[in-house]
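In: Sequence plus the predicted model coming up.
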Amino acid sequence: QSALTQPPSASGSPGQSVTISCTGTSSDVGGYNYVSWYQQHPGKAPKLMIYEVSKRPSGVPDRFSGSKSGNTASLTVSGLQAEDEADYYCSSYAGSNRHVVFGGGTKLTVL
Amino acid sequence: QVTLRESGPALVKPTQTLTLTCTFSGFSLSTSGMCVSWIRQPPGKALEWLALIDWDDDKYYSTSLKTRLTISKDTSKNQVVLTMTNMDPVDTATYYCALYSSGWSTFDYWGQGTLVTVSS
């Protein structure tokens, strides 16, 4: 069982927006602004999409955005495209003891 | 250009010790803020963080697996080694190494992963 809770699935039609949530506690998501989001296509390694809650690495489309409220972080994908269909994982810094925790992943389907 | 590559056995027997090596380029593990971490993913399941070693040779382990894990680095060879003792079939997974930047607590770059199957 993963430390962070994500919905197992999400879906949207091309051009629509979809938001994926990631719920933790005050000891991880709520306690630090160090939430990251990763995209993973089948058979591939994860790819960093968002870090520090809302920052995008170079090369990641601005259709991807992140936010956080309390113990829940969110990833929003706007203007859905077929290539956005993938699994998405959140992670959070969790202090010097647990260090890093992941969510259980969300499978995003583009209808 | 940052690259990481995992290497190790594809098959190990139950109770054996697994040794995985991460060979990297494009950064130095002596640079402040740089860390290398191991993460695994059982088939069809979620990512699980295992261990991390930083530029100062500080080591951090998953609470649930810390008694079985050892992480070490050879800065001159640009390698990080993970050992996991007493392997069990539930440890069957793809094992990834990744560059972790402590400044913003994120896995910036990942290796392609190596599938390890535990079976007699």
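Out: Perfect, thanks for sending it.
In: Quick check: closest non-adjacent residue to residue B:94.
Out: In this structure, residue B:94 finds its nearest non-sequential neighbour in residue B:113, 4.2 Å apart by C-beta to C-beta, 6 or more residues apart in numbering or on different chains. Where you see a C-beta, it was placed from the backbone N, CA and C, and this is true even at glycine.
In: Enumerate every residue touching the most centrally placed residue in chain B.
Out: Most central in chain B under C-alpha atoms, centre = their mean is residue B:38, positioned 2.6 Å from the mean C-alpha point. By C-beta atoms under 8 Å, 6 or more residues apart in numbering or on different chains, the contact set of residue B:38 is B:20, B:22, B:49-52, B:71, B:80, B:82, B:95-98.
In: burial measure for the residue nearest to it when sequence neighbours are not counted, as a count.
Out: Excluding the flanking residues, the one nearest residue B:38 by C-beta to C-beta, 6+ apart is residue B:50, at 4.3 Å. Here the number of neighbours of residue B:50 (other C-beta atoms under 10 Å in any protein chain shown) works out to 26.
In: And residue A:14, by the same measure?
Out: So residue A:14, with other C-beta under 10 Å, has 11 neighbours.
In: which element is the nearest residue to residue B:48 once chain neighbours are set aside on?
Out: For residue B:48, ignoring the flanking residues on the chain, the nearest one in space by C-beta to C-beta, 6+ apart is residue B:40 at 5.3 Å. Taking DSSP states H and E as the criterion, the element that holds residue B:40 is strand B:34-41.
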